[in-house]
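Colleague: fold the following and give me the result.
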Amino acid sequence: MRADMYFSVDVEADGPIPGPYSMLSFGAVVAGTMAGSFTPAGPRPATFYRELRPISDDFVPAALAVSGLDRDALVREGAEPAVAMREFGRWVTETAGDARPVFTAYPASFDWMFVYWYLIRFTGASVFGHSGCLDMKTAYAVKAAVPFGRAHKRAMPRHLLSTRPHTHHALDDAAEQADLFANLMTWDGRG
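Modeller: This is a model prediction of the structure:
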């Protein structure tokens, strides 16, 4: 049976949806593999990070402020989205090897929307397929047996949370989420 390799991904964007707005940076960290049982990636997981050239002139100032990225600098120096997404696809494929790559995030809906859209728009295909996405928020709700509205980090047992700070730097936050994911995958749902 083919193993799954989980990639924790975080996105920083300048608006609520891709197309009219831009993904400005994204980071990915291998969170672990599942082949019968879950194995966390360990202390030095594989990582990927890019800052991108915006694809439109539109942006929401409050959304841009979250990341602290300099949009004008990204216009001049950011990676071309087509190049960055091809590099990301190759990295995921090479890193996963024979395993099936699975995208995971907290919450996945925002990050998946941007990464999937960018992959389809700029490479014509998604290395994760059309449904290779696992939402950590949903995983917590199911394991903790709580309503989805109560599946937020403030309600989670402390031992599930990462000790890493949430910085709004995409690679930092992907690593923080990878810790949460590994903890969720090995948690029995009690305590």
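Colleague: for residue 52, which non-adjacent residue is closest in space?
Modeller: Take residue 52 and drop its neighbours on the chain: the residue closest to it by C-beta to C-beta, 6 or more residues apart in numbering is residue 78, 4.8 Å away. All C-beta spots, glycine's among them, are computed from the backbone N, C-alpha and C.
Colleague: the one you found: what's it in contact with?
Modeller: Going by C-beta atoms under 8 Å, 6 or more residues apart in numbering, residue 78 touches 24, 51-54.
Colleague: all the strands of this protein, in order from the start?
Modeller: Applying DSSP state E to the chain gives strands spanning 4-13, 23-34, 38-40, 47-51, 100-105, 133-135.
Colleague: for the third one, buried residues please.
Modeller: What it means is strand 38-40. Residues of strand 38-40 classed as buried: 38, 40 (neighbour count, 16 or more other C-beta atoms under 10 Å).
Colleague: remind me what that strand packs against, helices and strands.
Modeller: strand 23-34, helix 170-186 (3 or more C-beta pairs under 8 Å, 6 or more residues apart in numbering; DSSP states H and E).
Colleague: what's in contact with that strand?
Modeller: Here strand 38-40 has contacts from 31-33, 182, 185-186, using C-beta under 8 Å, 6+ apart.
Colleague: show me how far that strand is from its chain's centre.
Modeller: Averaging C-alpha positions (C-alpha atoms, centre = their mean, to the nearest Å) puts strand 38-40 18 Å from its chain's average.
Colleague: same question, the second one
Modeller: Taking C-alpha atoms, centre = their mean, one finds the center of strand 23-34 at 5 Å from the center of the full chain.
Colleague: Provide the strand pairings for that strand, with the direction of each partner.
Modeller: strand 4-13 (antiparallel), strand 38-40 (antiparallel), strand 47-51 (antiparallel) (DSSP bridges).
Colleague: what pLDDT does residue 1 get?
Modeller: Residue 1 carries a pLDDT value of 81.
Colleague: contacts only, for it.
Modeller: Per C-beta under 8 Å, 6+ apart, neighbours of residue 1: 35-36.
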